[in-house]
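Q: quick one, structure for this:
(one chain, ligands or ions: 1)
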Amino acid sequence: MGTPSKIDLTWLKNNPGKIFNTPLLLQERQDMLDNIPVSSCEAACWKPEAKGLPSRRVLSGTNARTHTILESQPEKLNIILGSTCNLTCSYCDKQYSSSWLRDISNGTYLDTPKFTLTPLDRVMLKVSQKEHQQTDGFATVLNEVKTFTNVKNICITGGEPFLYNSFPELLNNLTGSEEIMFYTGLGVDHSRLKTQLSKINNHSNLTVVVSAENIDKFYEFNRYGNTYENFTKNLNLLIEQGFKIIFGVVLSNLTIHGLVDFVNAHGDSIDYTFCNDPTYLQINVLDSDTVDQLAKQISASDIAIKDEIIKALYVPNTRKQQENCATFLKEFARRRNLNLDIFPESMLQWLGIKENYVV
Ligand code: SF4
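A: You can find the predicted model right below:
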């Protein structure tokens, strides 16, 4: 998967079932077979490889030649439903969450693309989910998905899938022999979740990846927009109904506090990701006292990847990361009326945020 290309809906309507066999894709496959670098692989593969960094194709073992026929059907499918989401998780952004998009329409946090509205963002602010889903394009693409016969793995993300009215219908249309995984923050109202779950016909090959890494106040800070009470109620409903669950944990300098409590409360069936974007939320952007305390706590825990976490905590940070973290954190808390004194005192002092800081 490289840089996305725009779907030509007029062409697609005249060529149903060919969404992955457009003239452009066929030409790119031919070029790849002829060892000609294609421009849509530039950002994800050619650039990092030129710098000696691992590229997506190398990491996923797809640099080996496996397919030689140009016309092809997908075996793995990543479906991004859209960005409708009622949460503003601390590490997330306008690209994935409509709540983040609305938030930055009220002003920036830092002078970076993450916090800057583009003309497309301004259009997206005005389009409702209903309008989006009633478009011709949405129906055309959904019909295309129904024609795929070779898919073995499907991963669905949002936004928040349970906020999409047609999400159960999509799952019901996809259910076959393939393994389906979807990500949710479980931030929806409990009764809505119940209704959405009741419309799913079969969940034997579904895995629900629940995004969370903290309990109580840290949860409500980092997964802003949901309460911990609603989260646990929703989680218990999934468990009662026999859904297969793993947790999707994003490790940042804000989510690492209380990770041990989360693992103690919910177990260690976890898929861990280190937050690398934005860099000021990397796990190592902390003062040395906090790092020592966390390392001690984590080393005494049952966390499966504790050695990797402790090693990452001790990677040196930069002055710029420290400054950006302070600016972001103060603004994030101010806009949400959150109290920062849940974080260690030494961390708040290191960031230049007053002790017992109250917004
Ligand atoms: S629930 Fe997911 S999409 Fe929504 S803000 Fe959190 S990380 Fe972003």
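
Q: distance between the longest helix belonging to the chain and the chain's centre?
A: The single longest helix within the chain, with elements called by DSSP state H, is helix 319-336. Distance of helix 319-336 from the chain centroid (CA atoms, centre = their mean, to the nearest Å) equals 21 Å.

Q: so does that helix get close to the ligand?
A: No. On the criterion CB under 6 Å from any ligand atom, helix 319-336 is out of touch with the ligand, staying 12.5 Å away. All C-beta spots, glycine's among them, are computed from the backbone N, C-alpha and C.

Q: which residues touch Asn230?
A: Each residue near Asn230 by CB atoms under 8 Å, 6 or more residues apart in numbering is listed here: Leu186, Gly187, Asp189, His190.

Q: same for the strand ranked longest in the chain, what does it pack against?
A: In the chain, assigned by DSSP state E, the strand with the most residues is strand 244-251. Packing partners of strand 244-251 (3 or more CB pairs under 8 Å, 6 or more residues apart in numbering; DSSP states H and E): strand 206-211, helix 228-240, helix 259-266, strand 270-274.

Q: now for the shortest one, which elements pack on it?
A: Okay, so that is strand 270-274. Applying 3+ CB pairs under 8 Å, 6+ apart, one finds that strand 270-274 contacts strand 244-251.

Q: who does the strand it packs on pair up with?
A: strand 206-211 (parallel), strand 270-274 (parallel) (DSSP bridges).

Q: so what touches that strand?
A: Contacts of strand 244-251 (CB under 8 Å, 6+ apart): 89, 91, 183, 203, 206-213, 235, 238-239, 255, 259, 262, 266, 269-275, 283, 309, 312.

Q: that strand to helix 228-240, inter-axis angle?
A: 140 degrees (axes from the mean of the first three to the mean of the last three CA atoms, to 10 degrees).

Q: nearest spatial neighbour of Phe162, skipping sequence neighbours?
A: Using CB to CB, 6 or more residues apart in numbering and skipping residues adjacent in sequence, the residue nearest Phe162 is Val188, 4.5 Å away.

Q: over to Asn214?
A: Distances taken as CB to CB, 6+ apart put Gly258 closest to Asn214, at 4.4 Å, once the chain neighbours are dropped.

Q: so that neighbour versus Arg336, what's the distance?
A: Separation of Gly258 from Arg336 (CB to CB, to the nearest Å): 18 Å.

Q: around the ligand, pick out the residues from the stretch 1-150 of the chain.
A: Residues of the stretch 1-150 of the chain lying near the ligand (CB under 6 Å from any ligand atom): Cys85, Leu87, Thr88, Cys89, Cys92, Tyr96, Ser97.

Q: if you set the cut-off to 8 Å instead, what comes out?
A: Residues of the stretch 1-150 of the chain lying close to the ligand by CB under 8 Å from any ligand atom are 83, 85-89, 91-93, 96-97, 99-100.

Q: still on that earlier bit, need the helices and strands packed on strand 244-251 in CSV (columns: distance to the ligand and mean pLDDT).
A: Below are the helices and strands packed on strand 244-251 laid out as CSV (distance: least, CB to the nearest ligand atom, whole Å; pLDDT from 0 to 100):
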stretch, distance to the ligand, mean pLDDT
strand 206-211, 6, 97
helix 228-240, 11, 98
helix 259-266, 16, 96
strand 270-274, 11, 92
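
Q: among the ones you listed, which is the most enclosed?
A: Comparing these by mean neighbour count (mean count of other CB atoms under 10 Å), strand 206-211 ranks first with a mean of 20.

Q: burial count for the closest residue to Arg336 other than its chain neighbours?
A: Of all residues not flanking Arg336 in the chain, Tyr224 sits nearest, at 5.6 Å (CB to CB, 6+ apart). With neighbours defined by other CB atoms under 10 Å, the count for Tyr224 comes to 21.

Q: cool, and Cys155?
A: There are 16 residues near Cys155, going by other CB under 10 Å.

Q: over to Ala300?
A: 10.

Q: average model confidence for the host helix or strand of Gln293?
A: Following DSSP states H and E, one finds Gln293 within helix 288-299. Mean pLDDT, helix 288-299: 97.

Q: mind checking how far it is from the chain centre?
A: So, by CA atoms, centre = their mean, the centroid of helix 288-299 is 27 Å from its chain's centroid.

Q: what helices or strands is that helix leaning on?
A: helix 259-266, helix 306-313, helix 345-350.

Q: okay, now the domains of the protein?
A: The chain breaks down by automatic domain parsing into domains covering 1-72, 74-323.

Q: Leu163 is in contact with the residue nearest to Phe162, correct?
A: Yes. Judged on CB atoms under 8 Å, Val188 makes contact with Leu163 at a distance of 6.1 Å.

Q: need the overlap of contacts for the two.
A: By CB under 8 Å, 6+ apart, the residues touching both Val188 and Leu163 are Asn86.

Q: residue contacts, Leu101?
A: Here Leu101 is in contact with Ser83, Lys94, Leu117, Asp121, Met124, Leu125 (criterion: CB under 8 Å, 6+ apart).
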